[in-house]
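**Q** all I have is the shape, not the residue letters:
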Ligand code: TSX
Ligand code: MN
């Protein structure tokens with residue numbers, strides 16, 4: 001690997017000046033080992049003092065065999081992919097360029113919310129106190145003492161015989177004032193390869209730390225079961241003892257037992273949302289579960305929108321949508337997370353802290369998301385999708401993309417799968433693609449702008465089969481914050497229920513709040529003091545059904561008609577009329593020109609009094625049971641106002 005050697009010698013001389021003080025540290029530049037453990041890749045002298053201290057204490061705890069300091073290079077990635085193949089973790093997908101398929105242990109296939117905790121001295125700093133006898137659903141708290149115990153029990157010696165990878169990464173473009181750095185210590189080469197896609201990872205991040213030595217500490221191990229037996233050597237994990245811990249005061253994340261997505265790629269949900277939201281609260285900005293898209297109208301005027309949706313609403317599809325309205329263009333800044341703050345002019349600006357898409361594969365097709373399909377068939381790690389005998393991938397929704405006569409399908413568990421015969425899905429419903437964002441054909445030219453993109457509107461959405469119109473506008477910021485707090489969405493219920501239920505998911509953040517939801521609402525309300533140019537807030541629902549059970553709105557590219565109306569509202573056009581729940585389009589102001597199907601606008605925008613009486617009741621019950629004393633008075637007042645307006649319908 002001659003390029004690495006070259007890089008080392010170059011950076012070493014360049015670093016000498018900057019590192020003059022750090023060179024006083026014992027051993028630096030003399031030995032490349034740490035407590036007798038050899039560094040097999042990279043160089044300890046490239047670590048800042050804080051990074052080195054963090055590494056040392058966790059080497060002592062985890063007792064790895066080797067240390068590998070990641071530089072993010074192509075040759076390093078090749079080495080990791082080779083290793084992953086040898087271990088049987090991934091197989092190549094020769095149908096595509098540089099694509100790989102990982103199959104996990106079937107017990108390690110999703111985030112585990114019940115084992116995810118926020119650790120603070122006081123419980124009330126993490127979660128609101130639910131009503132007596134009610135189980136809280138707004139997060140889990142753990143005391144610092146219990147966290148220390150949980151960590152010691154699981155991590156002591158957990159990397160024996162393994163390599164500890166040191167993964168320096170930036171959430172957001174390196175050097176942007178809106179970005180933050182993390183260092184993940186992990187024993188999973190799958191995590192390293194995935195972090196290289198999902199974040200800016202490697203040497204440039206260590207360089208950035210030399211000017212400002214602050215980072216979020218991320219410790220991760222796939223673990224080993226207590227009885228010492230690893231069931232599936234190609235995917236080691238410890239599902240029984242899996243735990244994901246966050247200590248906001250220390251900017252620290254500790255994750256044990258799972259190699260999967262949100263449990264192990266610690267930059268994403270753990271850092272960018274949970275720890276991010278606590279940093280954002282302290283520093284006066286917003287870390288949100290939102291896509292960011294740019295939309296240009298036929299006059300060439302461009303605006304950016306951020307939008308929060310619960311799962312199964314097609315967030316990635318919207319972020320990459322091809323608009324059906326002629327003359328419109330949509331470009332993607334991000335599909336999952338937005339970090340937003342008001343600039344000196346009071347303009348809200350957003351960055352996508354991520355560098356890739358970790359998207360749900362099933363349902364992704366040329367019909368639902370052609371731009372995703374153009375993004376994901378190179379340089380991608382697929383996890384738990386099905387494979388085809390010609391070296392490709394398959395999942396539910398891809399039926400039209402492959403010829404079943406020519407290929408045989410192997411399901412995500414490695415079993416033969418026959419279309420129309422096999423009763424179980426070919427791909428796991430939570431199977432994923434992990435692809436570089438820069439490959440998206442409609443990635444926004446400003447997606448890496450260090451100042452962020454200006455946000456003109458914030459959308460909240462949900463999958464609401466009944467009662468909720470296609471779009472409504474909040475009356476003002478406070479009302480908009482209430483609309484976010486009252487978000488609900490249809491979800492497949494847990495096993496004991498039958499069918500579907502409408503779940504509360506405020507701000508689409510329910511599993512991701514880093515601190516007490518009541519305080520989060522106060523923080524959102526306080527934005528009113530930061531700016532006199534607040535973005536408008538809207539609620540959208542692509543999923544309303546007719547009395548016959550058919551979708552009333554065609555969705556997908558046709559959603560551009562809703563975005564067009566929203567843009568015109570931002571420009572001050574008087575195309576809205578008041579209703580008890582907010583402002584909806586005046587008759588004939590939603591542009592339906594050239595639509596194939598007739599849309600029943602009356603049914604789509606109907607606001608039934610009885611439904612909204614029940615809805616307000618349900619929101620009230622939710623707030624009383626789940627938020628209680630922590631609910632800001634302004635939100636309670638918004639609910640009362642809504643009830644009054646409904647009463648007077
Ligand atoms: O992603 C979706 N969006 C947003 C797209 C930009 N989906 C898929 C959701 C699953 C993740 C949608 N599904 C959308 C939508 O706007 N709307 C619907 C509902 C729907 C489904 C099918 C049809 C119409 C509406 N019509 C036919 O299949 C012909
Ligand atoms: Mn998400």
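**A** Noted; the coordinates are in hand. Predicted model only: the values in this text are computed from it and were never measured. Ligands and ions are numbered 1, 2, ... in the order given.
**Q** near ligand 1, which residues of this protein?
**A** Taking Cβ under 6 Å from any ligand atom as the contact definition, the chain meets ligand 1 at 312, 314, 317-318, 321, 363, 368, 542-543, 551, 554-556, 559. C-beta here means a position set from N, CA and C on the backbone, and glycine is covered the same way.
**Q** at 5 Å what do you get?
**A** Residues of the chain lying close to ligand 1 (Cβ under 5 Å from any ligand atom) are 314, 317, 318, 321, 542, 551, 554, 555, 556.
**Q** if any of those are buried, give me the ChimeraX selection for them.
**A** The ChimeraX selection below is limited to those of these classed as buried (16 or more other Cβ atoms under 10 Å):
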select :314,317,318,321,542,555,556
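**Q** can you list phi and psi of residue 520 for me?
**A** Dihedral pair for residue 520: phi -60, psi -40, per degrees, to the nearest 10.
**Q** make that residue 452, sorry
**A** As for residue 452, its main-chain torsions (degrees, to the nearest 10) stand at phi 80, psi 170.
**Q** residue contacts, the closest residue to it other than its chain neighbours?
**A** Once flanking residues are discounted, residue 452 sits nearest to residue 349: 3.5 Å by Cβ to Cβ, 6 or more residues apart in numbering. Contacts for residue 349 were tallied using Cβ atoms under 8 Å, 6 or more residues apart in numbering; they are 178, 340, 341, 342, 343, 451, 452, 453, 454, 455.
**Q** now residue 349: which helix or strand?
**A** Using DSSP states H and E, residue 349 falls within strand 348-351.
**Q** averaged pLDDT, whichever helix or strand comes after that strand. What do you get?
**A** Once the chain leaves strand 348-351, the next helix or strand it forms, by DSSP H and E, is strand 356-360. Taken as a whole, strand 356-360 carries a mean pLDDT of 98.
**Q** what's the answer for stretch 419-439, then?
**A** The average pLDDT within stretch 419-439 is 98.
**Q** ends of it, what's the gap?
**A** With Cα to Cα, to the nearest Å as the measure, stretch 419-439 spans 31 Å from end to end.
**Q** so which bits of it are buried?
**A** Residues of stretch 419-439 classed as buried by neighbour count (16+ other Cβ under 10 Å): 426-437, 439.
**Q** could you dump the residues you listed into a markdown table and include secondary structure?
**A** Shown next, in a markdown table, are these (DSSP: H, G, I helix; E, B strand; the rest coil):
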| residue | secondary structure |
| --- | --- |
| 426 | coil |
| 427 | coil |
| 428 | coil |
| 429 | coil |
| 430 | coil |
| 431 | coil |
| 432 | strand |
| 433 | strand |
| 434 | strand |
| 435 | strand |
| 436 | strand |
| 437 | helix |
| 439 | helix |
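**Q** between the residues you listed, which sits nearest ligand 1?
**A** Distance to ligand 1, by Cβ to the nearest ligand atom, is smallest for residue 429 among the buried residues of stretch 419-439, at 11.1 Å.
**Q** and the closest residue to residue 377 other than its chain neighbours, what's its pLDDT?
**A** Nearest-residue entry for residue 377: residue 96, 4.6 Å, with adjacent residues in sequence omitted and distances by Cβ to Cβ, 6+ apart. Predicted confidence (pLDDT) for residue 96: 98.
**Q** OK, contacts around residue 96?
**A** Counting by Cβ under 8 Å, 6+ apart, residue 96 touches 377, 378, 380, 391, 392.
**Q** re the thing from before, farthest-apart pair in the buried residues of stretch 419-439, please.
**A** Across the buried residues of stretch 419-439, the longest distance by Cβ to Cβ is 26.9 Å; it joins 426 and 437.
**Q** what's the burial count for residue 350?
**A** Neighbour count of residue 350, defined by other Cβ atoms under 10 Å: 28.
**Q** surely it meets residue 338?
**A** Yes. Here residue 350 reaches residue 338: they are 4.6 Å apart, a contact under Cβ atoms under 8 Å.
**Q** what is in contact with the two at once?
**A** 290, 292, 306, 455.
**Q** specify the local secondary structure of the third one.
**A** What it means is residue 306. Residue 306 - assigned by three-state DSSP - is strand.
**Q** what's the next secondary structure element after the helix or strand containing residue 484?
**A** Assigned by DSSP H and E, residue 484 belongs to helix 477-485. Per DSSP H and E, the first helix or strand lying C-terminal to helix 477-485 is strand 488-492.
**Q** now that following strand, how far from the chain's geometric center?
**A** Using Cα atoms, centre = their mean, to the nearest Å, the mean C-alpha position of strand 488-492 is found 18 Å from that of the whole chain.
**Q** how about residue 464, secondary structure?
**A** Secondary structure, three-state DSSP: residue 464 is coil.
**Q** burial of it, as a residue count?
**A** Residue 464 has 22 neighbouring residues, counting by other Cβ under 10 Å.
**Q** now it: how far from ligand 1?
**A** Distance, residue 464 to ligand 1, by Cβ to the nearest ligand atom, to the nearest Å: 12 Å.
**Q** same thing with residue 376?
**A** Distance, residue 376 to ligand 1, by Cβ to the nearest ligand atom: 16 Å.
**Q** close enough to count as contact, that residue and residue 433?
**A** Yes. Here residue 376 reaches residue 433: they are 4.4 Å apart, a contact under Cβ under 8 Å.
**Q** ok, now which ones touch residue 541?
**A** Residue 541 neighbours (Cβ under 8 Å, 6+ apart): 461, 462, 463, 464, 468, 469, 470, 471.
**Q** pLDDT score assigned to the nearest residue to the second one once chain neighbours are set aside?
**A** Put plainly, it is residue 462. Spatially, and ignoring its direct neighbours in sequence, residue 462 is nearest to residue 489 (4.0 Å; Cβ to Cβ, 6+ apart). pLDDT, residue 489: 98.
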